[in-house]
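Trainee: sequence first, predicted model second:
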Amino acid sequence: MHGPAQTNTFAIDSLPVGYLGVTRSGKILAANEMFRGWCNSHDRELVDTSVFEVVEEEHGSELGSLLNGSSKGLSPNVVEVSIRADCGTPRRLQVTGKIQDTAGERIVHLALTDISERHRAAEVLREINIEQEAFTHSISHDLRAPLVTITNYSEYLANECSPAMDATARDVLTRIQRAAQRMDNVLQNLLLYSRVGRAEMLFAPVDVANLVTEILIQHDGLIQERHANIEMVKPFFSVHASRELLGQVLANLLTNALKYTPKEREPRVTFSARAQTDSVVICVEDNGIGIEAADFERIFQIFERLHGQAAYPGTGIGLAVVRRAVDRMNGKIWVESTVGRGSRFFVQLPN
Ligand code: ADP
């Protein structure tokens with residue numbers, strides 16, 4: 001081999017990642033030194049075999065979509081595959097594809113990065129999370145039982161014994177009832193946070209306009225109470241999501257929009273959506289108190305609150321639920337805001 005072809009071979013062999021040139025059907029046309037090393041293969045052994053014989057079967061269809069340029073998701077030209085155990089040391093690879101169409105022939109150039117370490121760490125983290133999840137669920141559940149007893153007995157005292165109490169005793173009882181109520185809110189929210197992490201995902205096309213209307217009906221009492229003006233800017237689109245989880249996300253954003261608008265201001269909440277190539281971005285905008293840019297990330301962490309209970313009561317779990325639900329639907333969430341003017345929460349989901 002001489003000239004440009006030799007230079008190309010040299011170039012792909014010097015890459016710090018694996019390289020495969022394949023046809024649309026997966027036939028391997030070229031493999032660089034690093035990839036051959038991963039598969040313990042010699043020079044031309046891999047050429048003319050199928051890439052689907054090298055990767056684990058369970059990842060075949062995603063890789064197939066990548067080769068056909070029909071991959072779904074927020075990063076359509078990136079997939080993860082594992083190398084089959086009988087083709088070398090099992091490895092987790094991140095594959096980025098670039099399609100080259102030349103004179104009717106399609107070659108897909110695949111760059112493969114070894115992410116085995118990261119994948120193993122993610123697996124360990126996932127197991128820890130599952131354990132932590134089970135712990136949170138069971139402790140929240142178990143703590144609610146004695147709390148129900150405290151609540152019921154306090155209510156009995158308030159109803160039956162109040163006339164016999166002096167002002168101090170009545171005040172103490174009210175404080176107990178409020179504290180029990182607050183604790184119950186935290187536990188219920190923790191149970192919700194845990195449920196969102198484990199919920200069985202039923203992905204289906206969700207008509208966003210229809211879902212928003214349903215949520216507005218469910219929160220009509222609160223909307224009326226705050227004299228809120230709610231607007232839905234059409235058109236809305238359909239997204240590929242879990243109706244239950246997306247409903248929870250929009251409901252939490254709506255209730256926050258109403259809560260974080262000063263009492264003396266009538267809340268104005270606008271729902272809108274815009275379509276992008278592979279996704280839809282839903283926006284929930286309010287005219288509330290706004291958020292400092294330094295807190296844009298922090299507010300999505302569990303128990304992070306920017307205000308005291310007296311000004312705005314809450315648990316600091318609502319936006320953590322939102323982030324978790326959006327993560328589970330392979331989406332993204334972020335906020336833009338101006339202090340004193342209002343906030344815009346964006347939810348991006350694959351469509
Ligand atoms: P909670 O409302 O129970 O405190 P969240 O997790 O829903 O908990 O919100 C976390 C914090 O983010 C809130 O305490 C508040 O400071 C801020 N926040 C959330 N939504 C808004 C909003 N629409 N406008 C202004 N601040 C907000």
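Mentor: Okay, I see it.
Trainee: packing partners for the host helix or strand of residue 136?
Mentor: According to DSSP states H and E, residue 136 maps onto helix 116-156. With contacts taken as 3 or more CB pairs under 8 Å, 6 or more residues apart in numbering; DSSP states H and E, helix 116-156 sits against strand 92-102, helix 167-198. Just so you know, the C-beta spots here come from the backbone N, C-alpha and C atoms, and that holds for glycine as well.
Trainee: least reliable of these going by mean pLDDT?
Mentor: With a mean of 90, strand 92-102 has the lowest mean pLDDT of the helices and strands packed on helix 116-156.
Trainee: centre of the chain to that one, how far?
Mentor: 25 Å (CA atoms, centre = their mean, to the nearest Å).
Trainee: just the CA coordinates for that strand, please, in CSV.
Mentor: What follows is strand 92-102, C-alpha atoms only, in CSV (Å, rounded to 0.1, in the frame of the first residue of the first chain):
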residue,chain,number,x,y,z
ARG,A,92,-17.9,-1.1,27.4
LEU,A,93,-17.5,1.3,24.5
GLN,A,94,-19.1,4.6,23.6
VAL,A,95,-19.6,4.7,19.8
THR,A,96,-19.9,7.9,17.8
GLY,A,97,-20.9,7.5,14.2
LYS,A,98,-20.4,9.8,11.2
ILE,A,99,-22.0,8.8,8.0
GLN,A,100,-20.2,9.5,4.7
ASP,A,101,-22.2,9.2,1.5
THR,A,102,-20.0,8.9,-1.6
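Trainee: related to what we said a few turns ago, closest to the ligand out of the helices and strands packed on helix 116-156?
Mentor: helix 167-198 (7.4 Å; CB to the nearest ligand atom).
Trainee: buried residues, that closest one. List them.
Mentor: 173, 176-177, 180, 183-184, 186-187, 189-197 (16 or more other CB atoms under 10 Å).
Trainee: list the pairing partners of the helix or strand that it is followed by within its sheet, with orientation.
Mentor: Next in sequence after helix 167-198, counting helices and strands by DSSP H and E, comes strand 203-207. The strands beside strand 203-207 in its sheet (DSSP bridges) come out as strand 238-242 (antiparallel).
Trainee: now the partner strand - C-alpha only, CSV.
Mentor: C-alpha atoms of strand 238-242 as CSV (Å, rounded to 0.1, in the frame of the first residue of the first chain):
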residue,chain,number,x,y,z
SER,A,238,-46.6,15.4,21.4
VAL,A,239,-43.6,14.0,23.4
HIS,A,240,-42.3,10.5,23.9
ALA,A,241,-42.7,10.3,27.7
SER,A,242,-44.3,8.8,30.7
